[in-house]
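Participant: mind looking at a prediction? Sequence and model below.
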Amino acid sequence: MTQQALKAPKKKLYRFRASTGRGEALTDDRSGAKLPPRPLGSWVLVGETEISPDDGPRIGFASDEIIKSVERDGFIIWPQKEANSDATSQPSKDKKTK
């Protein structure tokens, strides 16, 4: 078996940006329906990407953690802590209490 045949398949994700304030998100739903509501403004589609668990880190998370978060919650948002939102998906390894 070749090295390429062993690689995990790519997953298509759509990138959204908050129309007001801070925040970006990845989801597997092009319409953005899986994203949590924004207190002010909305989510705007800004692009798409393909990602596999074998890829290196992106947006500060390992690629496999991004995929797991999207599969579990329907999305991942960064930066993780927004002042007006409790609805952020965080990879389980990043859930820390200070």
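Facilitator: Perfect, thanks for sending it.
Participant: flag every buried residue along stretch 9-23.
Facilitator: Lys11, Leu13, Tyr14, Arg15, Phe16, Ala18, Gly23 (16 or more other CB atoms under 10 Å). C-beta coordinates here come from the backbone N, C-alpha and C atoms, glycine included.
Participant: sorry, slip of the keys, the one I care about is stretch 70-78.
Facilitator: Buried residues in stretch 70-78 (16+ other CB under 10 Å): Val70, Asp73, Gly74, Phe75, Ile76, Ile77, Trp78.
Participant: same check, this time on stretch 37-46
Facilitator: Within stretch 37-46, the residues that count as buried by 16+ other CB under 10 Å are Arg38, Trp43.
Participant: from the chain's centre, how far out does it sit?
Facilitator: With CA atoms, centre = their mean, to the nearest Å as the basis, stretch 37-46 stands 15 Å off its chain's centre.
Participant: now stretch 39-52
Facilitator: Stretch 39-52 sits 9 Å away from the centroid of its parent chain (CA atoms, centre = their mean).
Participant: right, I'll leave it there.
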